[in-house]
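> quick check, what structure comes out for this input:
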Amino acid sequence: MTNYEQYVKHSYDVIKRAENMLAMTINENIEAYLVQLFAHYMDKPKVNTEPVCIKLLESIAKPVSQRAPILKEVGDECLLIHSMEWGKSRWPTTHYYEDMGQSAYVSRAFVKHPPEMLYDDLAVEFKTVTKILRNCRPS
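Now for the predicted structure:
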């Protein structure tokens, strides 16, 4: 089993445990997305290296093929930062990363036609997903 496969298995266990502790269930597509997101950042948590608002604004001028991955990255970063509360004392507002993340995900959903509803669902369920990921933090 590769490291990534181990990360996915561990991430699935952690996400399911958090859902059970909170007595919450989420759409299986969102759950799978969270597991992959958690596993992807497990050994390389390079987030918040550049202001997310700058990346979000710069994405507007990019062609669709370049805009989609940037918007996904911004949404993912914001979700992780907001959930894990990394550097919270330096946040511009308490809802900054939530607002930026929701904007990035909803923009990502509708950047292509037909829309990719997974990203719209992530924007809508941002608060719920945040609660689950927040419950995944080490105590």
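> okay, CA-based contacts and neighbour counts for the rest of this
Fine.
> and stretch 18-32, what's buried?
By neighbour count with 16 or more other C-alpha atoms under 10 Å, stretch 18-32 contains the buried residues A18, E19, I30, E31, A32.
> that should have said stretch 2-21, apologies.
By neighbour count, with 16+ other C-alpha under 10 Å as the criterion, the buried positions of stretch 2-21 are Y7, V8, H10, S11, Y12, V14, I15, K16, A18, E19.
> could the residues you listed be laid out in a markdown table, adding secondary structure, distance to K46 and pLDDT?
As requested, those are exported to a markdown table (DSSP: H, G, I helix; E, B strand; the rest coil; distance: C-alpha to C-alpha, whole Å; pLDDT from 0 to 100):
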| residue | secondary structure | distance to K46 | pLDDT |
| --- | --- | --- | --- |
| Y7 | helix | 16 | 88 |
| V8 | helix | 18 | 90 |
| H10 | helix | 20 | 91 |
| S11 | helix | 18 | 92 |
| Y12 | helix | 21 | 94 |
| V14 | helix | 21 | 93 |
| I15 | helix | 21 | 94 |
| K16 | helix | 24 | 95 |
| A18 | helix | 23 | 94 |
| E19 | helix | 25 | 95 |
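> now the helices for the protein?
Counting by DSSP state H, residue ranges of the helices within the chain are 3-22, 28-41, 52-60, 64-84, 96-109, 117-124, 126-134.
> related to what we said a few turns ago, now the buried residues of stretch 18-32 in a markdown table, with distance to S65?
Supplementary listing: the buried residues of stretch 18-32 in a markdown table, determined by distance: C-alpha to C-alpha, whole Å:
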| residue | distance to S65 |
| --- | --- |
| A18 | 35 |
| E19 | 34 |
| I30 | 23 |
| E31 | 26 |
| A32 | 24 |
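> which one of these sits closest to V124?
Compare each of the buried residues of stretch 18-32 with V124 using C-alpha to C-alpha and the shortest gap goes to I30, at 11.1 Å.
> hang on, the earlier thing: quick check, nearest of the buried residues of stretch 18-32 to R134?
If you rank the buried residues of stretch 18-32 by distance to R134 using C-alpha to C-alpha, A18 comes first, at 8.5 Å.
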